[in-house]
Every structure is written in structure tokens, then in C-alpha cells.
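S.K.: compute the structure for the input listed below.
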Amino acid sequence: MKQSALIPILVLTAGGAFGLGWIVKPGATGENGNLVGGSKSTSSSSRLARPAGSGNSKSNSADRVEDFLANYTSGGTISPEDMTAAIEQMRKENDPILRRKLFTELLENLTPENAKAAYLTLQSGRRGWGRGGGDDELRLMAHAWGRLDGPGAIKALTEMRAEREGDGRGRGREGDRGGSDLVSVLSGWASADGRAAADYVSGIEDEREQRMLAFGVVRGMMVNGVDEAMSYVASLPKSEDGDRAQSWYMSTIASEMLEEGLDSAKAWVGTINDPDLRAGALSRVAESAVREDLEGAVEWVTQFAGEEAGRRAVNRVADEWAEDDPQAVLTWADSLPDAAKAEAYGEAFEEWTRQDATAAGEYLTSMEASPARDSAVEEFATTLSREEPATAIKWAETISNAEMRTDALTQVARSWYYRDRESATQWLETSGLPEESVQAVTAERRGFDPRGGGRRPGGGGGPRGR
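M.R.: Below is the predicted model of the structure:
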């Protein structure tokens, strides 16, 4: 099962602007801590109607950037009013390369005084990933603002967010925008002062908000290397979702380590002693390894199969491998310790059921009761429920583990209720499911259900996904 959303908004905020090659690099600061550029000029009495037509030479492009800045700079800085005008002018530029150069210069001329004006102007005219890439620029602007003045940026964005919610604009995309940009601000702040950014996040009472913004802190710390980010992740308190939040953050760090090459990433995983941290890193590197070298990935992950931290990695390898050969995954699984074997069996049967449910069912009839069979039946039943929910219910009832059985029956019944409410309701009346499970089955579906889809690594009941 592909990795479902740990915290949906986390995935939402990890867009293209969160690469580590930030336009504005740490250390480019002036005496007052302000980001500075290299081509400042005094103000001009006129304003460019728009930058001149695009040219082919580097010198011409440089001249145009210098002329652009000269029209909006006074005394070495850009006022809030002129920053607004400059960004509005930049947004009219059709040449994407020149537009990015102009934007970079404006970021380097950002100050605590003009940052809010810059942000608001970009926000009011963003056009997504089309001609201007407005969302990308807005994230970068929020990041640069956070690095320049973290507390001020947080205060301003929090107030703007409250205003949107107060006048009814805090739902849907606009509402998400505020949270997304707070993450970007935190990433910028953490790249300049990780301790201060982390302290701010630790004081947030809402756990979901805290996890979301902690992601920004992790991303920001990574700009200066992974050690600080890993220490921060290790310091985070456990929450209701167990170690899933930590695993997600470590997966993010692992993605950065993979930029240095698969072998380097594997060696790095070997240096992680904390099992909670190792689990997320190991699963992410395993996912990349199996796509690059299946045989090598299987051999590498097998050595961790006896560890609790290695079970997610087994899950990732089995998931990818099963798409091509689920029965080969079963053969491999039979050589693994029981817990890891159950992980692999579940992934193999999910895919095998999609490919040939009849053959998968026949195989299950020959299996004796075991954690591996429970995992296999759970995936078989939940996958089969999309086409044959009544049959899937009968299979789910054969799961030995009581908690897993209840969880599987709830998922299958929910699918059945969606397709045939009358028949599912009749079954529910005599099912013996706990009241909370019945309510979960009959609850109205409202968009994304973070509990649905996917088998939780480690088996057992409870919220799913990874």
C-alpha cells in the first residue's frame, strides 16, 4: 500500500519550494541582519512601465535587472510601497528566467519593514503553477521573511489567518494557504535560528498544528545539515499517533540524504541508533533502493527484518515488489521473522487480490492460523470489498486477532454500506461490532478519511495509514 497521508496537510505543504536549494542562502546578511543584494542603486524619478523586451545576452539581462532595481530602491533599501510596485511589475514579466532573476533580487532586498507588503502583493495576485508560478514564489517569500524576521512574520501571518477565519474566508484553499505559509515561515526561521523556531512550536497547544509547523522547523534545520534536524526530531514528544510523526520527519531527512546517493544514504541509516528515528529513515531509503536495485534492496533490508524499526522497510520493499511478483514476495516473506513476515504477506496479498482474487483466495484456504495469515486475510478482504463486500465480510470474520478482525470488518462494512446500504445495514444489526465501529461504518463520508485505506505497519487495529 502506498504511503498514505500521515498528516494530510504535511503532504500538501511539501511542494517544490521546499527543496534545499533556496534562492536566498543563509549568511547573506548586512550589518543589521537584513538580507542584502549586490546591485543596489539610488532611486530614479521614473518607473518602468514594464521591463524592456527580452534580450539574448547576459549583459543585457543584467542591465535590465539593475535598471529594475534602480527604479524601486532609495538609500539602499526598498520601501513597503515601492516593494508592492516592484512585485506588481515583476509579475508582468513573461520571460520566466528574467522573472526569477527579478524575484531573487527582491528577496535579497527584503527587510522587516517591506516583507509584509511583499507577501501580501504576491498573495493577492498568485496564479498557481501557470505563467508565474505564484505559489512557488509565495512559499519562497514566506521562507525568506521567516529567516529575516521569524517572530514578526509569524505574528503577521497569524493575524492574517485569524482575519480570514473571522470573515468566512478561512475554509478551503484560502484557509490552507495560511497554514502552508506558516510552515514556510518556520522553515526560514529555523534555518537562521533553529532553537528559537523550535521553542515557538513547542508552545503551540493544538497538537495537529504543532505537528504541521514542526515539519517547517525540520525543513529549515536541514538547510544547515541533518544533524540538528535529527536532534530536533528525537526531542519531539510522542503523540496519539505513536511514532508516525517522527517517522515522517525522518523520511523527509532521508530524502535529502538520498540526494548524495543510495550508498551514502544506506551508510547513514547504519549510523542511526535510535530505533524510532531509524524506522522512518530506513523505510524511505528502502523504498528508493527497491526501485533502483531490487535484489540489492531485498538483501539490505533483510538484515533489519528482526528489528521493530525494520518492519516498515520490509513493508516498503514488499509493496513495490508485489506489483510485479506478489508470489515472489511470499517466498521471501517465509524466510523472515514473524512480525516482518506478516508485513510482507499483507502487501503481497493486497496486490495479488487485485491481480487474481481467485488464486489468492485458494492460497489462503491452505494457510493455518497465524499473524501472517491474519495480515493476508485483512488485505484480501479489504481489497475484495470493492467488488464483493458480502464475500469479503465472511473472509474478515476468519481473522484470529480480535482487534484486527474488528478493524477489518469495519473497513469492509464501510465499503459495503457505501455500495449497498440496505444489505450492509441488515448485516450490522447482527454483526456484534462495537457501537463505535458501527458509527464509523454509517458516518457520512466527507472527503478524505485519514483512517481509510492501507494497512498499518505492525498489524493490529486502530487508525491506519503510514
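
S.K.: how about the contacts made by Ala413?
M.R.: Listed by Cβ atoms under 8 Å, 6 or more residues apart in numbering, the contact set of Ala413 reads 389, 393, 424, 427-428, 431, 433, 437, 441. Quick note: C-beta positions are derived from backbone N, CA and C, even for glycine.

S.K.: okay, stretch 62-72 in PDB with CA atoms only?
M.R.: Once non-C-alpha atoms are left out, stretch 62-72 reads as follows in PDB (Å, rounded to 0.1, in the frame of the first residue of the first chain):
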ATOM      1  CA  ALA A  62      22.000  42.100 -16.000                       C
ATOM      2  CA  ASP A  63      21.300  45.700 -17.200                       C
ATOM      3  CA  ARG A  64      17.600  45.100 -17.100                       C
ATOM      4  CA  VAL A  65      17.800  43.700 -13.500                       C
ATOM      5  CA  GLU A  66      19.900  46.700 -12.400                       C
ATOM      6  CA  ASP A  67      17.600  49.100 -14.100                       C
ATOM      7  CA  PHE A  68      14.600  47.400 -12.500                       C
ATOM      8  CA  LEU A  69      16.100  47.700  -9.000                       C
ATOM      9  CA  ALA A  70      17.200  51.400  -9.600                       C
ATOM     10  CA  ASN A  71      13.500  52.300 -10.100                       C
ATOM     11  CA  TYR A  72      12.500  51.000  -6.700                       C
END
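
S.K.: buried ones in it?
M.R.: By 16 or more other Cβ atoms under 10 Å, the buried positions in stretch 62-72 come out as 64-65, 68-72.

S.K.: swap in stretch 405-419?
M.R.: Neighbour count says stretch 405-419 has 405-417 buried, by 16+ other Cβ under 10 Å.

S.K.: closest to Ser124 out of the buried residues of stretch 62-72?
M.R.: Nearest to Ser124 among the buried residues of stretch 62-72 is Tyr72, at 18.0 Å by Cβ to Cβ.

S.K.: let me know whether that closest one touches Asp82 as I believe.
M.R.: Yes: using Cβ atoms under 8 Å, Tyr72 is in contact with Asp82, at 4.3 Å.

S.K.: helices of the stretch 301-450 of the chain, start to end?
M.R.: 311-322, 326-333, 338-365, 371-384, 389-396, 402-419, 421-429, 435-442 (DSSP state H, counting those that start in this stretch).

S.K.: low-confidence regions, the stretch 151-300 of the chain specifically.
M.R.: Scanning the stretch 151-300 of the chain for pLDDT under 70 picks out 166-178, 239-243.

S.K.: now with 90, please.
M.R.: 160-180, 206-208, 211, 225, 236-248, 274-276 (pLDDT under 90).

S.K.: that older thread, so can I have CSV of the contacts of Ala413 showing neighbour count, distance to Arg278 and pLDDT?
M.R.: Converted to CSV, the contacts of Ala413 look like this (neighbours: other Cβ atoms under 10 Å; distance: Cβ to Cβ, whole Å; pLDDT from 0 to 100):
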residue, neighbour count, distance to Arg278, pLDDT
Pro389, 23, 39, 94
Ile393, 21, 38, 96
Ala424, 22, 42, 95
Trp427, 19, 43, 96
Leu428, 18, 42, 95
Ser431, 18, 40, 94
Leu433, 17, 37, 95
Ser437, 20, 34, 95
Val441, 23, 37, 95
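
S.K.: with distance to Asn94 added, can I get these in TSV?
M.R.: As requested, the contacts of Ala413 are exported to TSV (distance: Cβ to Cβ, whole Å):
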residue	distance to Asn94
Pro389	54
Ile393	59
Ala424	56
Trp427	61
Leu428	60
Ser431	62
Leu433	60
Ser437	57
Val441	54
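
S.K.: which two in those are spaced the farthest apart?
M.R.: Taking Cβ to Cβ, no two of the contacts of Ala413 sit farther apart than Pro389 and Ser437, at 15.5 Å.

S.K.: what is in contact with Tyr72 and Asp82 at once?
M.R.: Listed as contacting both Tyr72 and Asp82 by Cβ under 8 Å, 6+ apart is no residue at all.

S.K.: in stretch 206-222, what counts as buried?
M.R.: For stretch 206-222, the neighbour count (16+ other Cβ under 10 Å) marks 210-222 as buried.

S.K.: domain ranges for the chain?
M.R.: The record assigns the chain these domain ranges, following automatic domain parsing: 240-322, 349-466.

S.K.: of the ones you listed, which stretch is the most buried?
M.R.: Across these, averaging neighbours per residue (mean count of other Cβ atoms under 10 Å) puts domain 240-322 on top, at a mean of 20.

S.K.: next one: that one to chain centre, how far?
M.R.: 16 Å (Cα atoms, centre = their mean, to the nearest Å).

S.K.: now stretch 414-430
M.R.: In terms of Cα atoms, centre = their mean, the gap separating the centre of stretch 414-430 from the centre of its chain is 34 Å.

S.K.: and the buried residues of stretch 405-419 as a markdown table, adding distance to Ala359 and pLDDT?
M.R.: Converted to a markdown table, the buried residues of stretch 405-419 look like this (distance: Cβ to Cβ, whole Å; pLDDT from 0 to 100):
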| residue | distance to Ala359 | pLDDT |
| --- | --- | --- |
| Arg405 | 24 | 97 |
| Thr406 | 28 | 97 |
| Asp407 | 25 | 96 |
| Ala408 | 21 | 97 |
| Leu409 | 24 | 97 |
| Thr410 | 27 | 96 |
| Gln411 | 23 | 95 |
| Val412 | 20 | 97 |
| Ala413 | 25 | 96 |
| Arg414 | 26 | 95 |
| Ser415 | 22 | 94 |
| Trp416 | 23 | 95 |
| Tyr417 | 28 | 95 |
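
S.K.: picking up where we left off before, so which of the contacts of Ala413 comes closest to Arg99?
M.R.: Comparing the contacts of Ala413 against Arg99 with Cβ to Cβ places Val441 closest, at 51.7 Å.

S.K.: which residues touch that closest one?
M.R.: Contacts of Val441 by Cβ under 8 Å, 6+ apart are 410, 413-414, 417, 424, 428, 433.

S.K.: ok, 6 Å please
M.R.: For Val441, the contacting residues are 413-414, 417, by Cβ atoms under 6 Å, 6 or more residues apart in numbering.
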